[in-house]
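**Student:** Have a look; sequence and predicted model below, questions after that.
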Amino acid sequence: MSITRQNLSIIIVSYKSEHVIENCINSVDNQIEIIIIENSNNEEFKKNIEKKYSNVKCILSPENLGMGAGNNLGLKHANTDYVLILNPDVILENNTINELIKASNIIDSFGIIAPIINSGKNMNFKLFDKNKIDTDNSRPFLVKSVDGFAMLLNIKKMNQIDKFKNFNFFDENIFLYLENDDLCKRLIDSNVNIYVAPKSKINHLGGKA
């Protein structure tokens with residue numbers, strides 16, 4: 001099954017990110033469901049954001065779960081085969097989703113496929129060989145891991161692996177930072193590929209959420 005807007009949802013874990021999250025939401029096609037996990041239990045935020053955006057569902061956490069557990073909670077509420085994890089301070093470009101869909105159609109199988117940050121300095125991935133990128137700058141290329149602020153998960157594929165069943169995707173013992181590296185390592189150890197789609201670009205404000 002290929003990715004479509006009907007079988008793709010977006011999860012954003014937020015904590016008092018009202019100042020940036022609407023820029024993120026506005027960059028997403030309104031045909032795509034967005035699930036926000038708000039770790040501040042702000043009922044006013046939930047009311048306002050769901051009223052303003054028909055494609056947004058906000059789930060309030062009674063306590064700050066952090067990123068790993070917050071993402072797992074969002075995944076439990078997603079009913080799609082593919083989920084794009086985003087930080088609140090990420091802004092998609094006009095063709096970000098289309099290029100992710102195109103990339104997924106030209107690779108055999110993947111656990112994660114990620115867009116690339118629109119910056120020539122800090123990359124949002126780690127290579128197996130730091131001196132070589134296996135790409136012609138247009139085709140998806142294999143990586144060791146990707147940063148957690150923008151990563152598309154193949155839920156159907158990951159659910160076939162015992163260690164990821166029952167939404168045990170992110171290690172909930174990791175509150176913040178490195179939960180993405182841990183996820184990627186467990187996928188690689190399970191012989192599941194992780195890709196970057198270099199034609200799918202995002203903007204990341206970095207530390208603004």
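**Tutor:** Arrived safely, thanks for sending. Numbering: from 1, shown residues only.
**Student:** which residue ranges form the strands in this structure?
**Tutor:** Using DSSP state E, the strands of the chain run over residues 8-14, 33-38, 56-60, 82-86, 90-92, 112-117, 125-126, 141-142, 145-146, 150-154, 194-204.
**Student:** what is residue 82 paired to in the beta sheet?
**Tutor:** Under DSSP bridges, the beta-bridge partners of residue 82 are residue 8, residue 154.
**Student:** Identify the residues contacting it.
**Tutor:** 3, 7-9, 152-156 (C-beta atoms under 8 Å, 6 or more residues apart in numbering). The C-beta positions use only the backbone N, C-alpha and C, and glycine is treated the same way.
**Student:** those helices in the chain, which residues are they?
**Tutor:** Along the chain, the stretches classed as helices by DSSP state H are 18-26, 43-52, 66-77, 96-105, 155-158, 179-189.
**Student:** most packed of those helices?
**Tutor:** Most buried of the helices of the chain, by mean neighbour count (mean count of other C-beta atoms under 10 Å): helix 66-77, with a mean of 22.
**Student:** Tell me what angle it forms with strand 8-14.
**Tutor:** Inter-element angle recorded for helix 66-77 and strand 8-14: 150 degrees (by axes from the mean of the first three to the mean of the last three C-alpha atoms, to 10 degrees).
**Student:** of the contacts of residue 82, closest to residue 169?
**Tutor:** Set against residue 169, the nearest of those by C-beta to C-beta is residue 153 (7.1 Å).
**Student:** Neighbours of that closest one, how many?
**Tutor:** 26 (other C-beta atoms under 10 Å).
**Student:** again, but for residue 93
**Tutor:** Residue 93 has 15 nearby residues by other C-beta under 10 Å.
**Student:** Find the nearest non-adjacent residue to it, please.
**Tutor:** residue 201 (5.1 Å; C-beta to C-beta, 6 or more residues apart in numbering).
**Student:** Give the full set of residues in contact with the residue nearest in space to the middle of the chain.
**Tutor:** The chain has residue 85 as the residue nearest its centroid, 1.9 Å off, counting by C-alpha atoms, centre = their mean. Residue 85 is in contact with 10-11, 71, 148-153, counting by C-beta under 8 Å, 6+ apart.
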